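A.B. asks: Quick one: sequence and predicted model below, then my questions.
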Amino acid sequence: ILANMEKDKSSAEAQARGCAELATLAASSERNRATIAAEGGIRVVIDAMKRHEKSAEMQQQACRTFTVLASDEDNRVKIGAEGGISTVIAALKQHRGSVEVQEQGCGALGHLAGDDNNRAKIGAAG
């Protein structure tokens, strides 16, 4: 999945599909969540969010991926350290009219807030 996302960076549709597949895979086991993070999946998702900030579908799927990945403590820390909080907040601001982005973005922030440092970053971001 990650290799395909890296190969087709310019397509918001391909990136959204990749994020959806990552979220599904991550939801199936703790081991999958750890593997996705270890293989650079967090950075791939953040980069896709920055590259396709105007695509509501892409942002929704990326936030969904972070919601699932952030169910693990180590991933919460990694997502926060790599800049995932600011990208989720940017998605929420960019897509105020999208119920789906708002729902998934708030879910991601809720899981990310399980880490004290992340909670401080979320609070500081407003």
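C.D. replies: On my side now, so go ahead.
A.B. asks: and Gly40, how far is that from Glu57?
C.D. replies: Using CB to CB, to the nearest Å, one gets 23 Å for the distance from Gly40 to Glu57. Where you see a C-beta, it was placed from the backbone N, CA and C, and this is true even at glycine.
A.B. asks: Among the two, which residue is more densely surrounded?
C.D. replies: Per other CB atoms under 10 Å, whichever of Gly40 and Glu57 has more neighbours is Glu57, with 19 against 13.
A.B. asks: For the more buried one, list the residues it contacts.
C.D. replies: Counting by CB atoms under 8 Å, 6 or more residues apart in numbering, Glu57 touches 12-13, 16.
A.B. asks: Give me the buried subset of the residues you listed.
C.D. replies: 12, 16 (16 or more other CB atoms under 10 Å).
A.B. asks: count of residues packed around Ala120?
C.D. replies: 12.
A.B. asks: list the contacts for the residue most central in space within the chain?
C.D. replies: For the chain, Phe66 is the residue whose C-alpha lies nearest the centre (CA atoms, centre = their mean; 3.5 Å). Shown in contact with Phe66 (CB under 8 Å, 6+ apart): 45, 79, 84, 88, 108, 111-112.
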